[in-house]
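> I would like to see how this sequence folds:
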Amino acid sequence: MPRTEKKPAVRTAPARADRPFRGIALILASTVFLGASDVTAKYLSATLPSIEIAWIRFLMFALIMSPAMLSGSPLYALHSRRPGLQVMRGVALLASSLFFISGLRFLPIAEASATGFVSPLFVTALSIVFLGESVGVRRWLATAVGLIGVLIILRPGTSAFHPAAFFPIVSALAWACTLIMTRMMSGREHAITTMTYSSIVGVCILSVLVPFVWVAPSWHDILFGIFIGVASTAGQWIVVLAFRYADASVLAPFSYTQLLWVSILGFMIFGELPDIWTVIGAVFIVGSGLYTAHRERVRRSQLLVQAERSPNA
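Here you go, the predicted model:
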């Protein structure tokens, strides 16, 4: 009989489990890792270019995920049902990281982080185009409130405005694209597959760019760069796991605790205290995000009720 070559199996995502408390605990843990990674990146930005910091981060990311790239490994995860979408998600994740690190060089960590949390507002707008969702007047009003919060923090037209403030906004837009594409693949792609593709895309693109800005790092810089890579990878992985146990509308309010961590660490390491305008703007942005999450939860409940009442259900 002719031999038939066995095709490697495509990893499938585990079934979602309704365990909101576990999801909340995971998202809280992720904010510690991500906050520590951001603060360390700001520390390194004083001596290394943003592209080089991002390259070290993604290089560590790729090394951590390397077992999933080896065809003989039991963790092999490069077979994807949506490889094009995986590559696009990797580009968006890289852009989010690179623009945020670029902003950290010039902005206080709390200000950059608070501005970056406008990503749910972008998700609201993008979900109409890419997910076919309908957005009501209340969610648009919440989005407007969030944008007011951004203007309060940035204060365009005043001496307090810094052009680098646009970096975390672009980072938030790229992160929103990352979340939208993650949602598009939810239930179809395994977390390991998504993480592996993101690491490969990031390290490949940055390896082309980094020679143009290369600054020889000290061992001190390398150790901190390794920490950034490990902490950010752990944080991203925990976020992916959290979405397995709870909806985004449940988890979103708790992700804002990252602002607390970066503010505390920013004060301890850089002596930075958020000014009153950053605090007020952050309140607007967080309030907008919380209300958006609430409306998302209400919308999902209504859809479930309609599905149960439908004669075809």
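> now the helix or strand bottoming out on mean pLDDT in the chain: how far from the chain's centre is it?
Scoring the helices and strands of the chain by mean pLDDT, DSSP states H and E places helix 248-255 at the bottom, with a mean of 72. How far helix 248-255 lies from its chain's middle: 13 Å, per C-alpha atoms, centre = their mean, to the nearest Å.
> Which residues does it contact?
Helix 248-255 is contacted by residues 20, 23-24, 27-28, 30-31, 120, 179, 183, 242-243, 289-290, 292-294, 296-297, 300 when judged by C-beta atoms under 8 Å, 6 or more residues apart in numbering. From N, CA and C alone the C-beta is placed, and that goes for glycine too.
> what's the answer for stretch 24-41, then?
Contacting residues not belonging to stretch 24-41 are listed as 53, 57, 100-101, 104, 109, 112-113, 224, 227-228, 231-232, 234-236, 238-239, 241-242, 245-246, 250-251, 254-255, 257-258, 261-262, 265-266, 269 [C-beta under 8 Å, 6+ apart].
> Just the buried residues from the residues you listed, in PyMOL please.
Applying 16 or more other C-beta atoms under 10 Å to the contacts of stretch 24-41, the buried members can be selected in PyMOL as follows:
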select buried, resi 53+57+100+101+104+109+112+113+224+227+228+231+232+234+235+236+238+239+241+242+245+246+250+251+254+255+258+261+262+265+266
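> Surely G289 touches A282?
No: here G289 lies out of contact with A282, judged by C-beta atoms under 8 Å, at a distance of 10.3 Å.
> Return every residue with contacts to both of these two.
Applying C-beta under 8 Å, 6+ apart, one finds that G289 and A282 are jointly contacted by F117.
> how about the helices in the stretch 51-200 of the chain?
For the stretch 51-200 of the chain, the helices defined by DSSP state H, counting those that start in this stretch cover 83-104, 109-116, 119-130, 137-154, 166-185, 191-209.
> Most tightly packed of those helices?
Highest mean neighbour count among these (mean count of other C-beta atoms under 10 Å): helix 109-116, with a mean of 27.
> Determine the set of other helices and strands touching it.
If contacts are counted by 3 or more C-beta pairs under 8 Å, 6 or more residues apart in numbering; DSSP states H and E, helix 109-116 sits against helix 20-44, helix 83-104, helix 137-154, helix 166-185, helix 257-270, helix 276-309.
> Mean pLDDT and distance to I205 for those helices - can I get that in TSV?
Formatted as TSV, these follow (pLDDT from 0 to 100; distance: least, C-beta to C-beta, whole Å):
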stretch	mean pLDDT	distance to I205
helix 20-44	89	18
helix 83-104	93	6
helix 137-154	79	28
helix 166-185	87	13
helix 257-270	84	26
helix 276-309	75	30
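> Looking at these, which is nearest to L126?
helix 166-185 (5.0 Å; C-beta to C-beta).
> which strands and helices sit next to the closest one?
helix 83-104, helix 109-116, helix 119-130.
> Pull it out as CSV, backbone CA atoms only.
Listed next in CSV are the C-alpha coordinates belonging to helix 166-185 (Å, rounded to 0.1, in the frame of the first residue of the first chain):
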residue,chain,number,x,y,z
PHE,A,166,0.3,60.9,20.2
PHE,A,167,2.5,57.8,20.6
PRO,A,168,0.4,56.1,23.3
ILE,A,169,-2.8,57.0,21.3
VAL,A,170,-1.4,55.2,18.2
SER,A,171,-0.3,52.4,20.5
ALA,A,172,-3.8,52.1,21.8
LEU,A,173,-5.3,52.0,18.3
ALA,A,174,-2.8,49.2,17.4
TRP,A,175,-3.7,47.3,20.6
ALA,A,176,-7.4,47.7,19.7
CYS,A,177,-6.7,46.1,16.3
THR,A,178,-4.9,43.3,18.1
LEU,A,179,-7.9,42.7,20.4
ILE,A,180,-10.3,42.7,17.4
MET,A,181,-8.2,40.1,15.5
THR,A,182,-7.9,38.1,18.7
ARG,A,183,-11.7,38.1,19.0
MET,A,184,-12.0,37.1,15.3
MET,A,185,-9.9,34.0,16.0
